[in-house]
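Undergrad: what shape does this take:
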Amino acid sequence: MKKIIRMAVVAAAGLAVFGGSVALAAPADAANRTPHCVTKSEYKKIKNGMTLAKVKKVTGISGKRVAIATSGGYGSQIRSLKTCSKYSAVSISLSKNPGGAYRVDAKSAIWVN
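TA: Modelled structure (predicted):
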């Protein structure tokens, strides 16, 4: 795969030298297209076991923590994520073991168009 990428870059450079035009664009993350809200497609990409950092990478936001409980190194929290649809709602539940990171263990949503 690396060779294909290198050849595409060389080909594009060659076209630029000879006056040709080429549009090279890497596919943008969903988070870059909707940096302040969650879309249905982004919501579908949230999977159990994902860390909060991965959720933020996929959606562009980590949400607002609405509840948290910790004891003996174990933890649980619920986060509300703003949706791109005006009257919709998304929540994720995360938990962690002692020394571990918070990971998604449930999600819920209601979508109103």
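
Undergrad: where does this protein have its least confident helix or strand?
TA: With mean pLDDT, DSSP states H and E as the measure, the helix or strand of the chain carrying the lowest mean pLDDT is helix 2-17 (a mean of 38).

Undergrad: next up, the contacts around I68.
TA: Residues touching I68, when contacts are defined by CB atoms under 8 Å, 6 or more residues apart in numbering, comprise G75, S76, Q77, I78. Using the backbone N, CA and C atoms, a C-beta is placed for each residue, glycine as well.

Undergrad: surely the second one is in a helix?
TA: Put plainly, it is S76. No - the assignment for S76 is strand, going by DSSP: H, G, I helix; E, B strand; the rest coil, so no helix is present there.

Undergrad: filter the contacts of I68 to the buried ones?
TA: Neighbour counting over those (16 or more other CB atoms under 10 Å) leaves G75, Q77, I78 as the buried ones.

Undergrad: go through the residues you listed and say which is closest to K56.
TA: If you rank these by distance to K56 using CB to CB, Q77 comes first, at 14.1 Å.

Undergrad: ok, now how distant is the closest one from K86?
TA: With the distance defined as CB to CB, to the nearest Å, Q77 ends up 26 Å from K86.

Undergrad: T39 too?
TA: In this structure, T39 and K86 are separated by 13 Å, where distance is defined by CB to CB.

Undergrad: so the two - more neighbours on which side?
TA: The residue with more neighbours, out of T39 and K86, is T39; 19 against 8, by other CB atoms under 10 Å.
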